[in-house]
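[1] Provided below are the primary sequence and the corresponding predicted coordinates.
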Amino acid sequence: MNDTDLLEPKTSKQDTSDTKMSKHKIDTIADVQNSHDTRHIAIDKVGIKDIRHPVRIKDRSGGEQSTIANFNMYVNLPHNFKGTHMSRFVEILNCHEREITTQSFKEMLGEMTERLEAESGHVEMNFPYFINKTAPVSGVQSLLDYDVTLIGEITNKDVTLNIKVQVPVTSLCPCSKKISEYGAHNQRSHVTVNAKIEGFIWIEELITLIEEQASCELYGLLKRPDEKYVTEKAYDNPKFVEDMVRDVSAQLNADDRIVSYTIESENFESIHNHSAYALISHDKSKDN
């Protein structure tokens, strides 16, 4: 007996035969998805929806956030194929547990269409994003959460990327302030921006741009001096829902990294049982 005999288990003829039989069984399993379809109808999007997966998001401070993202992943399906391989979407996610950036998100799109032999693909990644905010007077710090979605499209290797953020803010009614002797009614509002970008932009940059156009931004924790400050700041900076979307629009128009956008503002009225709403959509490429 030599050293090789000690290190390597002997393989019997029966073991070799069983392995060959198992491989033969796998090779002969029908691939129904790849079979030919005779209806000649292409499908625009097919894939998986609402699958949760852990991710790490890089933030502007140089750190990263561990969070759970909700994914929708689709590709097109030519008319001659019966189905797509759903398991490959999950395999792709499992290969991307590393830190997610706009660049790695684009790479995921390319990998998805390549592995599924598709001409076009679509990925949506929705997740909560936290920013550590400092109260304006006391300086106490607290986290505030924002709803963020990365939306990627790829067609014939041409990739587009959208960042969608929903930002909670305070708005104070200019009309109420004008006609009232003792104060004005205000409300919490949601401003949602869906921006198609070229180049690189931090999520925090987009959030800050929106907050600066509100009557006042929100904080997770306020002491009494802070509460006085935000109340008076909102009173000095009244905004209709129309003002909100127009002011955000002006800022987005001035940023060359933003190609097109949709802005929505919903004010949850404090004196009505309904919301006030406004929307602006703009594609800068059509300006000339």
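    Nice, I can see it. Just so we're clear, the structure is a prediction, and the values are computed from it rather than from any experiment.

[2] So what's the residue count around the closest residue to residue 222 other than its chain neighbours?
    Sequence neighbours aside, residue 135 is the residue nearest to residue 222 in space, at 5.6 Å (criterion: Cβ to Cβ, 6 or more residues apart in numbering). All C-beta atoms are positioned from the backbone trio N, CA, C, and that covers glycine. For residue 135, the neighbour count with other Cβ atoms under 10 Å is 19.

[3] Wait, residue 135 touches residue 142, no?
    Yes - if you go by Cβ atoms under 8 Å, residue 135 and residue 142 touch, sitting 7.4 Å apart.

[4] hey, what's in contact with both of those two?
    219, 221 (Cβ atoms under 8 Å, 6 or more residues apart in numbering).

[5] ok so, going back, got a list of what the residue nearest to residue 222 touches?
    Residue 135 neighbours (Cβ under 8 Å, 6+ apart): 141-142, 219, 221-223, 226.

[6] and it, backbone torsions?
    phi -60, psi 140 (degrees, to the nearest 10).

[7] So it versus residue 226, what's the distance?
    As for residue 135, its distance to residue 226 is 4 Å (criterion: Cβ to Cβ, to the nearest Å).

[8] Also residue 205?
    Applying Cβ to Cβ, the value for residue 205 to residue 226 is 24 Å.

[9] So between those two, which is more surrounded?
    Legend: neighbour count by other Cβ under 10 Å for residue 205 and residue 226, higher for residue 226 (18 against 14).

[10] before we move on, what SS does the more buried one have?
    helix (DSSP: H, G, I helix; E, B strand; the rest coil).

[11] same check, this time on residue 205
    Of the three states, residue 205 takes helix under three-state DSSP.

[12] ok, which stretches of the stretch 1-150 of the chain are strands?
    43-58, 64-77, 99-100, 120-134, 141-155 (DSSP state E, counting those that start in this stretch).

[13] sec struct for residue 222, please.
    State at residue 222, reduced to three classes by three-state DSSP: coil.

[14] count of neighbours near it?
    Using other Cβ under 10 Å, the number of residues around residue 222 comes to 19.

[15] That one contacts residue 230, correct?
    Yes - in this structure, residue 222 is within contact of residue 230 by Cβ under 8 Å, at 6.7 Å.

[16] what sits against the nearest residue to residue 70 once chain neighbours are set aside?
    Spatial nearest neighbour of residue 70, excluding adjacent residues (Cβ to Cβ, 6+ apart): residue 126 at 4.7 Å. Listed by Cβ under 8 Å, 6+ apart, the contact set of residue 126 reads 69-71, 147-149.

[17] how near is residue 126 to residue 42?
    With Cβ to Cβ as the criterion, residue 126 and residue 42 are 27 Å apart.

[18] again with residue 252
    When Cβ to Cβ is the yardstick, residue 252 and residue 42 sit 35 Å from each other.

[19] again, but for residue 182
    Residue 182 is 64 Å from residue 42, by Cβ to Cβ.

[20] do the same with residue 64
    Going from residue 64 to residue 42 by Cβ to Cβ gives 40 Å.

[21] Grab the nearest non-local neighbour of residue 211.
    Closest to residue 211 by Cβ to Cβ, 6+ apart is residue 217, at 4.0 Å.

[22] correction: residue 169
    Once flanking residues are discounted, residue 169 sits nearest to residue 214: 3.4 Å by Cβ to Cβ, 6+ apart.

[23] Tell me the backbone dihedrals of that neighbour, please.
    Taking degrees, to the nearest 10, you get phi -90, psi 170 for the backbone angles of residue 214.

[24] ok, it touching residue 191?
    Yes - taking contacts as Cβ under 8 Å, residue 214 lies within contact range of residue 191: 7.0 Å.

[25] tell me, what's touching those two both at once?
    What both residue 214 and residue 191 touch, as defined by Cβ under 8 Å, 6+ apart, is the set 169, 244.
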